[in-house]
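J.: I would like the atomic coordinates for the input below:
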Amino acid sequence: MALRYRITKRTNSIGNKTPQYIMQAIAKNTIDLDRLSTAISNECSLHKVDVQAVLIALGIKLEDYLQQGHNVDLGTVGKFKMGFQCKAEADPTGLSPKRSIKKFHINYQPSLKLKRVLKSGITVYKEGSKSSG
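T.: Residues are numbered from 1 along each chain as shown. Modelled structure (predicted):
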């Protein structure tokens, strides 16, 4: 298993505007609900349709609990919580949800197990090379 990357040229928009190069991770493809439920059902006694129903219900409940302001801890998957971007005001009385909140987002914190995997490093290979780990 390896993560593919490409080298991308970026122009610095601040200061001297000299071009810089970064390494950018590239996804191979997207694993959809059908493929994920099939893979999980192949590793347990549940039928693909049962796994799919649980994953759909998880998505519905995750949305519901996050909108209620709960943090959702999925054990080895990680934790999710709702957050938002807000405009700053000099006076707190100038803050209101309708005017001050720009957009909502979901914060994800990987589990300790996933953090250890990330810390230990992932094998990578350059886009276009024959080695894919």
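J.: what about the closest residue to His105 other than its chain neighbours, helix or strand, and which?
T.: Of all residues not flanking His105 in the chain, Gly83 sits nearest, at 5.4 Å (CB to CB, 6 or more residues apart in numbering). In short, each C-beta sits where N, CA and C put it, glycine included. Element membership for Gly83 (DSSP states H and E) is strand 78-86.
J.: got the buried residues for that strand?
T.: 78, 80-82 (16 or more other CB atoms under 10 Å).
J.: what sits opposite the residue most central in space within the chain in the beta ladder?
T.: In the chain, the C-alpha nearest the mean C-alpha coordinate belongs to Tyr108, at 6.6 Å (CA atoms, centre = their mean). Counting by DSSP bridges, Tyr108 is bridged to Phe80.
J.: was I right about it contacting Phe80?
T.: Yes - using CB atoms under 8 Å, Tyr108 makes contact with Phe80 at a distance of 5.7 Å.
J.: which residues do the two both contact?
T.: With contacts taken as CB atoms under 8 Å, 6 or more residues apart in numbering, Tyr108 and Phe80 have no neighbour in common.
J.: and the nearest residue to Ile31 once chain neighbours are set aside, how many neighbours?
T.: Computed as CB to CB, 6+ apart, the closest residue to Ile31 that is not its neighbour in sequence is Ala39, at 8.0 Å. Other residues lying near Ala39 total 12 when counted by other CB atoms under 10 Å.
J.: how near is Ala39 to Leu46?
T.: 12 Å (CB to CB, to the nearest Å).
J.: now do Lys79
T.: Separation of Lys79 from Leu46 (CB to CB): 25 Å.
J.: Now do the helices in this protein.
T.: 33-41, 48-67, 97-100, 112-120 (DSSP state H).
J.: surely Leu55 meets Asp34?
T.: No - assessed by CB under 8 Å, Leu55 is found out of contact with Asp34, at 10.1 Å.
J.: which of the two has more neighbours?
T.: Between Leu55 and Asp34, Leu55 has the larger neighbour count (other CB under 10 Å), namely 14 against 10.
J.: Brilliant, that's me finished.
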